[in-house]
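*Asks:* Okay, predicted coordinates and the sequence, questions at the end:
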Amino acid sequence: MRVDHVEFDEAARIIADWAAEGGASRYVCAANVHMTMEAYDDPAFQAVVNGADLVIADGVPMVWGLRALGLSQQRRVRVSPDLLYGLFDACQERGIRLGLYGGSPETLRVFCDWLAREYPGVQLACAIDPPFRPPTADEDEQSTRLVRESGAQLLLVGIGCPKQEKWMAAHAGALPCTMFGVGAAFDLLGGRTKNAPAWMRDRGLEWLYRLALEPRRLWRRHLFNDPRFLVLLARQALRERAR
């Protein structure tokens, strides 16, 4: 799976520039171990991620991986909250119209209230809460029409990996905006879910904090994915060094 060697400031600039330009349909993926292993197990999903306009190193293990392969990645491009704070600032300063897709009605309400308090200059074009089940063709067409008619230039898509990446790829070309898969950002920034302490985030232990909060939902993912990621990364790094 592709992960682009871009640092934080460059990633923020690229996404903001694309959104401000408008007209073109693009999508951005934020890579972590979960996404990487989903792509490893599913060639169709791998094609979705590799077809993105930008794949940033959101997880600390992604930084380890880039470094192991000889690239001088300095730090992770952390989506929530760091990168999103920068993008909200850009939306205020450059008049970029922001759209939201994902979360429950309550989650979106809390997040929109937070956004209005913290970034009052952001123009919120639309906020769409899709069903948790796969949407029908009519529902999807209605959401697509709402986004287009709203004039959103930057659309944050928060329906979780791999659903959000597949949704963005399926709508590439249909939506004239920059789509960005942000996972659980609406919950995190709205205060409904707590962020891991900084010392855990900096040491690649954010997964452990999330696991402690939601063990029943996440234990299988980490037990199955994390050891395989480390073994496969070590094998790839050794192969590259042998060349």
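*Replies:* Perfect, thanks for sending it.

*Asks:* what's the distance between residue 36 and residue 134?
*Replies:* Distance, residue 36 to residue 134, by C-beta to C-beta, to the nearest Å: 24 Å. All C-beta spots, glycine's among them, are computed from the backbone N, C-alpha and C.

*Asks:* Hmm, I typed the wrong one, I wanted residue 127.
*Replies:* Distance check for residue 127 against residue 134: by C-beta to C-beta, it reads 20 Å.

*Asks:* out of the two, which sits in the busier spot?
*Replies:* The residue with more neighbours, out of residue 127 and residue 134, is residue 127; 22 against 10, by other C-beta atoms under 10 Å.

*Asks:* Can you list phi and psi of the more buried one for me?
*Replies:* Note on residue 127: backbone dihedrals following degrees, to the nearest 10 are phi -140, psi 110.

*Asks:* For beta bridges, what are the partners of it?
*Replies:* Per DSSP bridges, the residues bridged to residue 127 are residue 100.

*Asks:* if I look at it, how far off is residue 103?
*Replies:* The value you get for residue 127 to residue 103, if C-beta to C-beta is used, is 9 Å.

*Asks:* what do you get for residue 122?
*Replies:* Taken as C-beta to C-beta, the span from residue 122 to residue 103 is 17 Å.

*Asks:* again, but for residue 84
*Replies:* As judged by C-beta to C-beta, residue 84 and residue 103 stand 14 Å apart.

*Asks:* So which of those two has more stuff around it?
*Replies:* Taking other C-beta under 10 Å, residue 84 and residue 103 do not tie; residue 103 has more neighbours (25 against 20).

*Asks:* Nearest residue to the more buried one in space, ignoring adjacent ones along the chain?
*Replies:* residue 186 (4.4 Å; C-beta to C-beta, 6 or more residues apart in numbering).

*Asks:* does that neighbour really touch residue 111, like I thought?
*Replies:* Yes - using C-beta atoms under 8 Å, residue 186 makes contact with residue 111 at a distance of 4.4 Å.

*Asks:* what do those two both touch?
*Replies:* 100, 103 (C-beta atoms under 8 Å, 6 or more residues apart in numbering).

*Asks:* what's next to whatever helix or strand residue 65 lives in, contact-wise?
*Replies:* Element membership of residue 65 [criterion: DSSP states H and E] is helix 60-68. With C-beta under 8 Å, 6+ apart as the test, helix 60-68 has contacts from 3, 5, 31-33, 36, 57, 73-76, 201-204, 206, 229, 233-234, 236-237.

*Asks:* Quick one: buried ones out of those residues?
*Replies:* With burial judged by 16 or more other C-beta atoms under 10 Å, the buried subset of the contacts of helix 60-68 is 3, 31-33, 36, 57, 73, 76, 201, 204, 206, 229, 233, 237.

*Asks:* buried sites along the longest helix that the chain contains?
*Replies:* Ordering each helix of the chain by length in residues (DSSP state H) puts helix 215-242 first. For helix 215-242, the neighbour count (16+ other C-beta under 10 Å) marks 221, 222, 225, 226, 229, 233, 237 as buried.

*Asks:* quick one: the spatially closest residue to the last one that is not a sequence neighbour from residue 3, how far?
*Replies:* Setting aside the residues directly before and after it, residue 237 is nearest to residue 68 in space (C-beta to C-beta, 6+ apart), at 4.0 Å. To residue 3, residue 68 is 12 Å away according to C-beta to C-beta.

*Asks:* which residues are common contacts for the two?
*Replies:* Common neighbours of residue 68 and residue 3, counting by C-beta under 8 Å, 6+ apart, are absent.

*Asks:* Can you tell me how far residue 16 is from residue 79?
*Replies:* Residue 16 is 14 Å from residue 79, by C-beta to C-beta.

*Asks:* Residue 212 now?
*Replies:* As judged by C-beta to C-beta, residue 212 and residue 79 stand 21 Å apart.

*Asks:* Equivalent analysis for residue 131, please.
*Replies:* For residue 131 relative to residue 79 (C-beta to C-beta), the value is 24 Å.
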